[in-house]
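Asker: Need a 3D model of the sequence below.
(4 chains, ligands or ions: 6)
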Amino acid sequence: MDFMHLDEFIESHCARPQAVDFEGEAARWCPGCGDFAILSALERLLAKEAVDPSEVVCLSGIGCSGRFPYYLKTFGFHGIHGRAIPISTGVALANEKLKVITVMGDGDCFSIGLNHWLHGLRYNVDLLALVFDNQIYGLTKQQASPTTPQGTWTTTTPGGAWLPAIDPLALALNMSNRSFVAQTATWLPGHLQQTLESGWAHRGLSFIRILQRCPKFSPQAYGEAQELRERFVFLQPAEGSQASAEESLADRLEHDPSDLKAARRLLQEEPRMPLGLLYRNPAVPSYQALRLRARPSRAEKLLALENLLDRFSL
Amino acid sequence: MDFMHLDEFIESHCARPQAVDFEGEAARWCPGCGDFAILSALERLLAKEAVDPSEVVCLSGIGCSGRFPYYLKTFGFHGIHGRAIPISTGVALANEKLKVITVMGDGDCFSIGLNHWLHGLRYNVDLLALVFDNQIYGLTKQQASPTTPQGTWTTTTPGGAWLPAIDPLALALNMSNRSFVAQTATWLPGHLQQTLESGWAHRGLSFIRILQRCPKFSPQAYGEAQELRERFVFLQPAEGSQASAEESLADRLEHDPSDLKAARRLLQEEPRMPLGLLYRNPAVPSYQALRLRARPSRAEKLLALENLLDRFSL
Amino acid sequence: MSKSPPIREHILEILSDAGEGAQKAGGIFAKASAKMGNYLWTVEIIPAEIQPPAHTTRGSSGIRIRFGADPVTNAGDQANLIFAFNEMSLLARLEADSLAPEVVLLIDDFWAQQEETQANYRQVVARVVAGGGRVIPVPLTQLLQDADAEQGKNTLALGVLSYLYHRDLSLVEEALRQSFAHKETAVIDANCALLHRGYDWAGGAVDFRVKIPAKPSKHPMLAMNGNQALGIGAIAAGFELCSMYPITPASSASVFLAKEFEAFGGVVHQAEDEIAAIGVALGSNYAGKPALTITSGPGLALKTEFMGLAVMTETPLVLVDVQRGGPSTGLPTKIEQSDLLAALYSTPGDAPKVVLAPTSIEDCFEVMITARRLAEDLRTLVVVLSDANLATGVQTFKRPPADRPDYFRPLEIEPVGTEAVPYQWDPETGIAPRLIPGHHRIPAMTSSLNHDPKGLVSYDGASNQRSHQMRRLKLNRLRESLKTPPLLGASQGDLLVVGWGSTLGAIEEAAAQAQKEGLAVSACHLRFLNPLPPGLKGLFGGFRQVVTVELNYGEPKEPGQLARLLRAETLVDVQSFAKVWGRPLMPCELLAEMRRLIQAQEA
Amino acid sequence: MSKSPPIREHILEILSDAGEGAQKAGGIFAKASAKMGNYLWTVEIIPAEIQPPAHTTRGSSGIRIRFGADPVTNAGDQANLIFAFNEMSLLARLEADSLAPEVVLLIDDFWAQQEETQANYRQVVARVVAGGGRVIPVPLTQLLQDADAEQGKNTLALGVLSYLYHRDLSLVEEALRQSFAHKETAVIDANCALLHRGYDWAGGAVDFRVKIPAKPSKHPMLAMNGNQALGIGAIAAGFELCSMYPITPASSASVFLAKEFEAFGGVVHQAEDEIAAIGVALGSNYAGKPALTITSGPGLALKTEFMGLAVMTETPLVLVDVQRGGPSTGLPTKIEQSDLLAALYSTPGDAPKVVLAPTSIEDCFEVMITARRLAEDLRTLVVVLSDANLATGVQTFKRPPADRPDYFRPLEIEPVGTEAVPYQWDPETGIAPRLIPGHHRIPAMTSSLNHDPKGLVSYDGASNQRSHQMRRLKLNRLRESLKTPPLLGASQGDLLVVGWGSTLGAIEEAAAQAQKEGLAVSACHLRFLNPLPPGLKGLFGGFRQVVTVELNYGEPKEPGQLARLLRAETLVDVQSFAKVWGRPLMPCELLAEMRRLIQAQEA
Ligand SMILES: Cc1ncc(C[n+]2csc(CCOP(=O)(O)OP(=O)(O)O)c2C)c(N)n1
Ligand SMILES: Cc1ncc(C[n+]2csc(CCOP(=O)(O)OP(=O)(O)O)c2C)c(N)n1
Ligand code: SF4
Ligand code: SF4
Ligand SMILES: [Mg+2]
Ligand SMILES: [Mg+2]
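Answerer: Numbers count the residues shown, from 1 in each chain, chains lettered A, B, ... in the order given. Ligands and ions are numbered 1, 2, ... in the order given. Model (predicted):
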């Protein structure tokens, strides 16, 4: 065999476009994956808000969820596992005009990234922070995540997950200075969209847990449609008008999202999973509002530098 | 100058004992530091329980608190900042007979180590996990910690701490599978001792937040004795008999530590800081109980290895 | 394909969309072949995405099977025969340059008839033909429809291939039945029928067959992949805790252990992150239960601080890094050997540690036993550098003996005097007694700060110098105990190629071929990367040119990672053949490089 | 002390228990001396513990002041004069070998009279005398009691020292009043009285005085420590965000910024851990706000994964590592230069980055400006390696100009065409356009996975090879732009010493002295550690022996970290003088080593 020298090969391959290029930049998740619904909802939201896509940055960790930014026509940043919140915080601190969307998986956010998530809630940076919670590690093929129900078979827990799942809403509500906590689901596109809209409108860290179907690795999660009524409850008042088709799927529960105690009590007393806005407090200042100051002019800075150096001069 | 060659110097210095060795291995914290009280209480506890010091391991992170293991006459492990819980988990999984004491600072546990702390509560490894909470970074000289009250001057927040302090008890109680949550204070030696005793007796992760005076860097924390009544409340029934001198320092509140909801409600409704046992559930299996199995004999293992290899043989 | 020398081996690839079962069919084919007495190496061709779109290059999923009459040590060169279920799966491999020019291509001609795919099909197939390949269209979809089946292209293909390669059909059927054992009988029978249908179709329609000699081995043989071998090695080594966080391509080793470990009293602990994972392993070792942690690139990065703690506290610890493409998330499913310098130097401060790299799948088993021994004997961190090539490749190798003294080595409780202290370093070896809580009656202090022999903090400069010296001494002593690696070939010549880790098989194959061609090429291979074995400078002195072969990034003035180490070590002008192609080294490309280098020397 | 050549400088140490104010007194002394026109270097002697027990070696707290008529570039050799408030503080320094044999020791004789301390006092003082020192007992406690004061030993000592060194008492009093400015007038006046009391006592009782010539500089001068210089440098460089987590000895730089940054529109963000700290800095840079992160050893370890991300995504990022003793927690308050290899190689995969080390306190200012420029121009990670010596040492240096074009450099918004993509690498430079959200109208994708010019994931081997090549090319180009470092001394000789970072002053001093002694020694110093400057091999060729000088751990066969890099780079047999003594390099010890090496050559 006459072997092509490697450098030649690179040149030829990198220079010439692929002979056949049939593949679009279509989103690539499994058929039926809940992530599609989130993508559509967010695209609709961006269209509705008519934002300039170059003033939106979507950042993610690593996971199936981590692929999200590629499919959104905004600035995108596919970071590293568990660390989407710190990177997003930097982006938000850099430029207040940017709209920042942070996408995480349940392993990403509640396992390796839990510290950043909870402290992020406390800093209350202005982010739309979404967790695609499929109760499983998707991309790495079915290991237990903190929200995997106890007893579930996964590749790392072949005898069933050892521990009871965490309740992210309870943790979020019990972190100090949090300002927005909501829950929605991928199989309720109307509710999903409304919830994203309220998060988008809020100034501060809008934490939205999105219950996400993963037909590949956690098809059993969240049960079948007929179980909805038993397992879920809509919080009332919902934002805007509830999509009527979904309205009938579960009962409604009166809840005032400005009442933190009520929100915590609800989690404690209510056996069904709440869908909707648990808590929102627009009065909590965003971290940017707390920290960012007007940028002095160059002349002002030079003067301040002189003053500073004076203090060290002999 | 006739300079001694370095290697010679090492030899001479390392070989010869220091000319004058007047210093004992006395604990070295600032005068009035609350850590002394914890040390005494723990020493009393170990004496009372008459445990073999070589079956006790005390592990710590980095901080003033991190010095604790040196002063206890047990096995000690001074680890790295924020990671005392993982190392302790390994120790506890290695040998169920060991009693493991994990000592952390508030920065150590609630800032850099928060992920391990909350997940540790969930694993429910059998540890006596103590946080010495002086509301400040001590060892590194007065930076804000997550429990530093908002507005406090620290070296990193010269304009006052930006954010409201976190409530570690609320977070702990809202982590799934936690089995023991208590709070005590270094200025209440009797209460401290009793609380340590209940933690010691519990099988699972006994999380005890110890409000710790730091006269050096947070002298204002927790207020003066006369404010005690306003700021604190004893949970009733306390374990054992309350030290009578302390009994009168604050009011008492009825609380059933087996009632998780009541514990959460208490944090939510009660403005004073609770001292005592908030929650204990001996029925939650420890992680060791869940995971550890009897160790097969060598012969059994060899057989099992044969069987395993058979599955790959041709 | 009318070569005169008898064909002694073949490389076959079966390619399909993800989910069409090419890997399953290939696995059965491989098993039957191994039973017939062929040696083999198989490697899965994994699509890059979780759910790649069907009928795309990204979706190309499959298996490569290199099998032959003689021992097979690597995945080999370009494929001799391809069975493609569609033209796009094929295109991916064509783009990756994985087909021999004279390849024989079997392809489902269904796509030649569909309007949307027709053009692509023709274009791709034409490229194969233009390159010198031969095409055998197979009516795969049609055969399936004829059988009234919905699924089973893979079993049909298996039948076709069994005919082509003169496989013992009863052995194939047996392997198929085993592999489908958990399915309903109806399904199994249907598949057997498809197998025969494929076989028979080929018998009637194909005029091309290859005979690969096979002779059943006298020694019992195993076939497994490197992560399985690591797992079994960890078990045999006597580890009792595997503390991990999922990451590709490392996880399959821990997942394997999650299934098998309990039977040995072992536990797989899935930690909240990689930092906790190594922390738990360290704590366990400290308290006397042998524990390891397994990870890949990004996880390795997160373990950096704890790696320093293990070295500083002299806690035995084994860290397995199954290397993948870097930097950062990089190429998670592809092979690289680019964590070498990180393994040695990632830890701030001077933190000497042992670094080992298994050189074959069999060695993945052995290396775990070595690693535990060294970690405990030297009280330090041992990093094992495997890689994605070993992790996913399946090789046949001799079954290890049923018992060996180094299996399930018990924890060593050193007898110590009552005055023992934890860092009473032996000035000759640097080794101090290991005092274990619960086992020794002498409570001792362990510290991440610089410490004196008692384990108490010391801020004294001389003490710091001394403790560094002792930690280094352990490695120096180990180095003295190592042998200079043997040379494959003459001890003098024009070119010495030096490899490390998983490329052993490919390098030896290329070197042997070069030697046959009369080139003055020798090869040597490193299993110990830190400490390096003694005698390298002398070894290198016999050659006009020394070049490392590495799967990391190198350039003439910025050679690959091993080359840097060897230059500093030997002061010989070691250059590198170091590329990050995301695939195992092919013997042929190294051979071409050898020829080129020697030609350049002559010019 | 009756030397014939006029004394042009002195090294003074004031030693006390923590809290007794030796550092404050020393600071005042230094300020007054600098005002008089002395150059100086001061360094705090920090107790190892937060609250060390009084009257112990561990409690030894104080200050070293090296001051003289000529520029002072380092903390110097052993002390010429010590003022010790008790014998245990002194003992600590004696043990650390910090006293010149012919030292003049002033010591509070109170302890000679106390029963518990008498014996120690005599023993320690006897050791000084036996070494050749001279002792002047000072009734410090007595003087304080006579003055009816509780506190103020330090001010008394300041008075005594002012007399001894012929300080201008009005300048000392001025500096004292400034330093006590925030205190009540009564306190200030009382201290001034003590100052005079000390001065007068000495005038009556001490027959020993030293005159250090001083001439006020014509150029305005500054005095500050290296962390302050880093902070001011970061401000002048135009950074607007410092994202950090506290750690010794790095924090004082961020703490400084926390106070000063807001006036410049800057923010100090204290993150929950070091991982988040670097993540926030990276995010900020990505979105166009220049940000840095500052840390030390253990924090550096935690940043490893993000360092790889910065390189992979080509996000500008400056990471300052103020090195301390390692490995692990090590010696947190002491100097080492042992993070060099970690800075270069910690990241798994091949991740080329820029590594710089400031060589003086003044350079701590300059290096920040260089670092930001390189990070943004090359779109990559720049690691700045400062250390505990620079961090805590105070030096006088020329005040930089009030304005320079490189101060507050604005964010560069590259004009790009509408078709621009984020990784359209220029094949000549490896640099691609930087598309910034909110500033450019072309939404672009940034990925930690291997990516093609568009920023989209690519699993293709050739693309991976190409992106590696481009990231390396940027560094290669930078290398070409660097100058071969100049030699201090002849270009041929017996010995070349090569240093890096903070040891510049001490090395130059030792080399100059060696040259005076007629030794054929030259010195060269590296500020760029990656890429290394070109021409080193040629430079080294002129010398019989090349030895690095490093504050990390080295042995004959396992030389220090820089030596390893230089061996690989030049193939010259570079050895090292590498020690981990936890203190700055003393010119005299290096000089002794130079003599020894050259003697050995001759033998
Ligand atoms: C530091 C690091 N650790 C581990 C991984 C491997 N990894 C990739 S995605 C993932 C978890 C995915 O689960 P989840 O966050 O729930 O996202 P999903 O795929 O379910 O959307 C893991 C462990 C990694 N890329 N980096
Ligand atoms: C990885 C790492 N980051 C930072 C530090 C520096 N450090 C040492 S102790 C400490 C915090 C101490 O505060 P806390 O945990 O509250 O303990 P305390 O000293 O108050 O007892 C920090 C930040 C470190 N040693 N390691
Ligand atoms: S594995 Fe699950 S989460 Fe991932 S793409 Fe498939 S369905 Fe979606
Ligand atoms: S700084 Fe505070 S916590 Fe630390 S030893 Fe002193 S009083 Fe105790
Ligand atoms: Mg998930
Ligand atoms: Mg604290």
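
Asker: just the helices in the stretch 51-200 of chain A please.
Answerer: A:68-71, A:84-94, A:106-107, A:114-123, A:168-173, A:189-201 (DSSP state H, counting those that start in this stretch).

Asker: Can I get the ones you listed in a markdown table including mean neighbour count, distance to ligand 4 and mean pLDDT?
Answerer: Every C-beta, even on glycine, is put in place using the N, C-alpha and C of the backbone. Formatted as a markdown table, the helices of the stretch 51-200 of chain A follow (neighbours: other CB atoms under 10 Å in any protein chain shown; distance: least, CB to the nearest ligand atom, whole Å; pLDDT from 0 to 100):
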| stretch | mean neighbour count | distance to ligand 4 | mean pLDDT |
| --- | --- | --- | --- |
| helix A:68-71 | 22 | 44 | 95 |
| helix A:84-94 | 32 | 28 | 98 |
| helix A:106-107 | 32 | 36 | 98 |
| helix A:114-123 | 27 | 23 | 98 |
| helix A:168-173 | 23 | 28 | 98 |
| helix A:189-201 | 22 | 41 | 96 |
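
Asker: CSV for these, including distance to chain D?
Answerer: As requested, these are arranged in CSV below (distance: least, CB to the nearest CB, whole Å):
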stretch, distance to chain D
helix A:68-71, 6
helix A:84-94, 2
helix A:106-107, 16
helix A:114-123, 4
helix A:168-173, 15
helix A:189-201, 17
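
Asker: so which of these gets nearest C:G133?
Answerer: Closest approach to C:G133 among the helices of the stretch 51-200 of chain A is made by helix A:68-71 (35.0 Å; CB to CB).

Asker: So what touches the closest one?
Answerer: A:25-27, A:35, A:38-39, A:58-60, A:76-78, A:103, A:132, D:445, D:447, D:456-457 (CB atoms under 8 Å, 6 or more residues apart in numbering or on different chains).

Asker: Mind checking which of those residues are buried?
Answerer: A:27, A:35, A:38-39, A:58-60, A:76-78, A:103, A:132, D:445, D:447, D:456-457 (16 or more other CB atoms under 10 Å in any protein chain shown).

Asker: From those, list the ones also adjacent to ligand 3.
Answerer: A:D35 (CB under 6 Å from any ligand atom).

Asker: While we're on C:L94, how confident is the model there?
Answerer: If you check C:L94, the pLDDT there is 91.

Asker: from what I can see, it looks like it's in a helix, true?
Answerer: Yes: under DSSP: H, G, I helix; E, B strand; the rest coil, C:L94 sits within a helix.

Asker: That one contacts C:V124, correct?
Answerer: Yes: using CB atoms under 8 Å, C:L94 makes contact with C:V124 at a distance of 6.8 Å.

Asker: Please identify the helix or strand for the nearest residue to C:V206 once chain neighbours are set aside.
Answerer: Using CB to CB, 6 or more residues apart in numbering or on different chains and skipping the chain neighbours, the partner closest in space to C:V206 is C:I136 (6.1 Å). Element membership of C:I136 [criterion: DSSP states H and E] is strand C:134-138.

Asker: ok, the residue nearest to the spatial centre of chain C - contacts?
Answerer: A centroid search over chain C (CA atoms, centre = their mean) returns C:L390, at 1.2 Å, as the residue closest to the centre. C:L390 makes contacts with C:225-227, C:229, C:322, C:358, C:360-361, C:364, C:501-502, as judged by CB under 8 Å, 6+ apart.

Asker: can you map out the strands along the stretch 101-250 of chain A?
Answerer: In the stretch 101-250 of chain A, the strands defined using DSSP state E, counting those that start in this stretch lie at A:128-133, A:180-185, A:206-211, A:232-236.

Asker: can you tell which of those is closest to ligand 2?
Answerer: strand A:128-133 (25.6 Å; CB to the nearest ligand atom).

Asker: Is there proximity between that closest one and ligand 1?
Answerer: Yes: judged by CB under 6 Å from any ligand atom, strand A:128-133 and ligand 1 are in contact via A:F132.

Asker: gap between that strand and the chain center?
Answerer: In terms of CA atoms, centre = their mean, to the nearest Å, the gap separating the centre of strand A:128-133 from the centre of its chain is 2 Å.

Asker: just stretch C:208-227 next, same as before
Answerer: The answer for stretch C:208-227 is 19 Å, by CA atoms, centre = their mean.

Asker: rewinding a little: distance of the residue nearest to C:V206 relative to ligand 1?
Answerer: The gap separating C:I136 from ligand 1 is 40 Å, by CB to the nearest ligand atom, to the nearest Å.

Asker: Any idea what that residue is bridged to?
Answerer: C:L106 (DSSP bridges).

Asker: can you pull the contacts of it?
Answerer: Contacts of C:I136 (CB under 8 Å, 6+ apart): C:104-107, C:206, C:208.
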